[in-house]
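K.L.:
for reference, the sequence and a predicted model appear below.
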Amino acid sequence: MTDIIIHMGLHKTATTTLQQQFFPHFDQINYINKSPKITRFVNAVSKQDPIYFNPPEALGHLEGAIDETRVNLLSRESFSGPPYAGVIEQGLDHRHSIIKNLSAAFPDGKVVLVLRRQDSLARSFYRQYIKFGGTESVERFFGFDDSGVALFSRDRFMFTAYVDALMDHFEGRVLLLLFEDFVAEPTEFFKTLADFMGVKNKQIEIHQSNATRFGDTGLEVCRRLNCLFRAQLNPGGIIPGVPVLGANGIKMINPMKWVHDHWPIKGGSKGAITKTSQLILDAAKQDNRQLEQKYKLDLEKHGYY
């Protein structure tokens with residue numbers, strides 16, 4: 001039987017670090033992300049209605065990429081749904097369909113899912129939204145303004161139903177990890193992950209990536225500046241960008257990504273994002289208690305409730 005490991009996120013839980021600095025270092029792992037064929041398979045799994053999903057046809061996209069002599073690993077955040085359901089995807093949020101498609105394609109597959117405390121997760125989602133040109137306030141983004149309509153579904157922060165669905169489709173083959181353990185105890189985190197994948201663990205030095213100095217003040221300043229510049233999330237911006245000399249001559253770029261990465265002041269006053277993130281965590285605490293009762297993740301230790 002071919003070993004298949006599906007690392008499916010969540011978004012903003014060190015996925016990029018694992019993909020770039022951990023998974024590629026194991027000779028025992030056939031890291032399928034390196035193959036261009038993975039994109040076609042991911043699209044079939046993540047965008048097709050299960051009614052029409054054809055497992056053999058989807059697996060055909062991976063022909064020649066599966067190695068029956070090694071552990072095969074697929075790692076894509078999109079397996080846990082679109083990152084901004086409600087903003088770019090017009091409200092589309094179909095994670096249960098993706099789970100059904102994955103289990104149909106790999107009925108004996110094993111799943112890795114990393115969770116992150118909801119206030120920290122909310123802050124990270126909003127920070128990325130601002131980095132890519134978002135202009136809405138954090139209250140509007142998460143539906144705490146007068147409209148009461150969220151641009152980002154707060155259902156995403158209720159983990160228990162999602163984990164239950166994974167367990168139903170991959171019974172006894174799901175590893176749940178915590179982002180907080182990755183930060184605090186990376187050695188143990190990696191050992192647990194390697195053991196689950198069935199490979200010999202390695203001592204790998206991980207370098208921090210995607211770090212930010214943004215506090216509440218920086219986020220608000222950049223949100224207001226985003227209103228000026230044209231971007232993926234603000235196509236109506238009045239300024240197309242700033243001129244930058246590149247290999248192919250001068251081109252116009254949105255400067256906000258640069259500002260994001262070079263913001264000079266670490267932290268900042270506790271404002272709307274801190275308050276909103278706390279509201280999101282408070283609303284999730286009872287669900288977190290239920291999750292702990294079912295799956296014993298030591299959530300209380302990390303302040304989930």
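P.N.:
Received the coordinates, thanks.
K.L.:
switch to C-alpha atoms for all contacts and neighbour counts from now on
P.N.:
Will do.
K.L.:
give me the number of residues near residue 85?
P.N.:
Per other Cα atoms under 10 Å, the neighbour tally for residue 85 reads 19.
K.L.:
please apply the same query to residue 28.
P.N.:
Residue 28 sits with 15 neighbouring residues when counted by other Cα under 10 Å.
K.L.:
okay, it: pLDDT?
P.N.:
Listed pLDDT for residue 28 reads 94.
K.L.:
which ones are touching it?
P.N.:
70, 71, 199 (Cα atoms under 8 Å, 6 or more residues apart in numbering).
K.L.:
try it again with 10 Å
P.N.:
69, 70, 71, 72, 197, 198, 199, 200 (Cα atoms under 10 Å, 6 or more residues apart in numbering).
K.L.:
out of those, list just those in strands.
P.N.:
71, 72 (DSSP state E).
K.L.:
mind listing what's buried along stretch 66-79?
P.N.:
Within stretch 66-79, the residues scored as buried using 16 or more other Cα atoms under 10 Å are 66, 67, 70, 71, 72, 73, 74, 75, 76, 77, 78, 79.
K.L.:
and stretch 220-231, by the same measure?
P.N.:
220, 222, 223, 224, 225, 226, 227, 228, 229, 230, 231.
K.L.:
I'd like to know which of the residues you listed are part of strands.
P.N.:
Counting by DSSP E, none of the members of the buried residues of stretch 220-231 fall within strands.
K.L.:
tell me which of those residues fall in helices.
P.N.:
220, 222, 223, 224, 225, 226 (DSSP state H).
K.L.:
okay, the residue nearest to the third one when sequence neighbours are not counted and residue 220: tell me how far apart.
P.N.:
Nearest non-adjacent residue to residue 223, counting by Cα to Cα, 6 or more residues apart in numbering: residue 135, 5.2 Å away. From residue 135 across to residue 220, the span is 9 Å (Cα to Cα, to the nearest Å).
K.L.:
what do these two both touch?
P.N.:
residue 226.
K.L.:
nearest to residue 7, of the buried residues of stretch 220-231?
P.N.:
Closest to residue 7 out of the buried residues of stretch 220-231 is residue 231 (30.3 Å), distances taken as Cα to Cα.
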